[in-house]
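Novice: Predicted model follows, preceded by the sequence.
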Amino acid sequence: MTDAIMKRFLIFTVAFAGCVCVVAQDIEERTRVLDEVVVTPDATGRVNVIMGQVARRARENRAKINGFTARANAFLYSQDMDFIPDVMPGKVMFLIRMAARLTRHGALLNFALEQQKIDAQLYADIRYADGKVTFHNKRVVRSKPAMPKKVQEQLLRTASVNPYDVIYGDGSLLNAKNRERYDVSIQETIEEDGKTVRVLAFRNRNEKSKETILLHVVEGDWGIRHMAVKSRFGSQIMDCTDVGEGIYLPTFYALNPNPVSLGDFLAEARKRVAEEKKKPSRMTRKTLDRLEKVVNGERKYYPRVEVRCRLSYYKR
């Protein structure tokens with residue numbers, strides 16, 4: 001997963017200005033090993049050989065997946081999003097809103113920031129043909145509170161991503177040029193379901209990105225079984241399953257972006273509480289009371305938008 005792919009997913013992040021995950025604790029547990037990336041001598045050459053095999057098999061499998069259909073069920077949940085505009089500096093909110101408008105996610109962002117909680121389910125049939133996908137029966141199954149039509153359209157457009165390309169496309173680490181930005185290692189070799197799995201670790205040389213990537217590659221089949229990414233933008237995981245003929249396709253995906261860290265939010269919240277006590281502004285008493293409880297640790301505050309997606313495949 002390269003910066004290009006991360007930026008693609010960041011569009012979704014900025015649109016909500018929150019965090020996406022299955023359960024944040026679950027993602028943190030499953031990606032914790034990424035903090036232990038150790039680069040060993042001569043690893044780059046061996047990793048390139050393995051990734052070359054994965055790329056070759058991916059090209060072969062792109063034709064084989066023709067005729068497959070995936071049924072995708074995605075679940076979205078948000079919490080405490082309405083608090084963000086009252087606390088974060090105006091210039092930060094301006095940049096977030098501008099990015100949302102430029103990427104045609106303005107209505108989606110505004111809806112998320114207006115609602116204290118959102119609970120929604122999305123559904124789609126994804127059909128593979130000629131190495132590409134088309135979406136059918138794409139719809140919001142339920143939403144609480146009810147989403148305006150424009151918001152639904154933006155959400156469904158954001159979710160229209162080719163699962164195969166996310167993990168095997170030109171923007172992925174299968175592209176040798178994309179791997180040049182990383183120090184690499186073969187972290188370990190394990191056995192899973194009778195298969196030998198090479199665990200490859202990538203660490204971005206740009207320290208500011210704080211990006212580390214873990215790939216589980218099945219030897220022989222040369223498919224990716226698991227991917228985990230951590231960066232300053234958050235975390236994401238993807239699990240893949242052999243759907244037949246050694247073709248590994250994503251069956252579970254979760255994203256936990258973090259454009260506004262909790263630490264930054266709390267720092268700003270403390271400033272706003274102090275400012276409001278000295279010189280009251282337009283902030284309502286109710287909002288100030290909520291904010292004081294967060295700052296004093298009396299109220300748990302976890303601003304996020306969680307999305308999890310499961311996909312099941314069948315041959316037409």
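Specialist: Thanks, I have it. Note that the structure is a prediction, hence the values are computed from the model and not measured.

Novice: Could I get the contacting residues of Lys117?
Specialist: Tyr77, Ser78, Gln79 (Cβ atoms under 8 Å, 6 or more residues apart in numbering). For every residue, glycine as well, the C-beta is placed using N, CA and C.

Novice: Just list whatever residues bridge to the last one.
Specialist: For Gln79, the beta-bridge assignment (DSSP bridges) gives partners Lys117, Arg304.

Novice: wait, what's in contact with Val141?
Specialist: Residues counted as contacts of Val141 (Cβ under 8 Å, 6+ apart) are Ala120, Gln121, Leu122, Tyr123.

Novice: Just the buried positions in whatever helix or strand it lives in, please.
Specialist: Assigned by DSSP states H and E, Val141 belongs to strand 132-144. By neighbour count on 16 or more other Cβ atoms under 10 Å, the buried set for strand 132-144 is Val133, Phe135, Lys138, Val140, Ser143.

Novice: List just the nearest of those to Asp239.
Specialist: Taking Cβ to Cβ as the measure, Asp239 lies nearest Val133 of those, at 18.9 Å.

Novice: contacting residues around that closest one?
Specialist: Going by Cβ under 8 Å, 6+ apart, Val133 touches Ile126, Arg127, Asn162, Pro163, Tyr164.

Novice: List buried members of those residues by neighbour count.
Specialist: Buried members of the contacts of Val133, counted by 16+ other Cβ under 10 Å: Ile126, Arg127, Asn162, Pro163, Tyr164.

Novice: any chance of the residues you listed in TSV, with secondary structure, pLDDT and distance to Val199 too?
Specialist: Below are these laid out as TSV (DSSP: H, G, I helix; E, B strand; the rest coil; pLDDT from 0 to 100; distance: Cβ to Cβ, whole Å):
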residue	secondary structure	pLDDT	distance to Val199
Ile126	strand	93	28
Arg127	strand	93	33
Asn162	coil	86	26
Pro163	helix	85	22
Tyr164	helix	88	22
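
Novice: want to throw those into TSV with distance to Gly45?
Specialist: Listed next are the buried ones among the contacts of Val133 as TSV, based on distance: Cβ to Cβ, whole Å:
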residue	distance to Gly45
Ile126	37
Arg127	39
Asn162	31
Pro163	30
Tyr164	27
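
Novice: And those residues, which is closest to Lys293?
Specialist: Nearest to Lys293 among the buried ones among the contacts of Val133 is Pro163, at 41.1 Å by Cβ to Cβ.

Novice: pLDDT weak spots in the stretch 151-300 of the chain?
Specialist: Applying pLDDT under 70 to the stretch 151-300 of the chain picks out residues 257-259.
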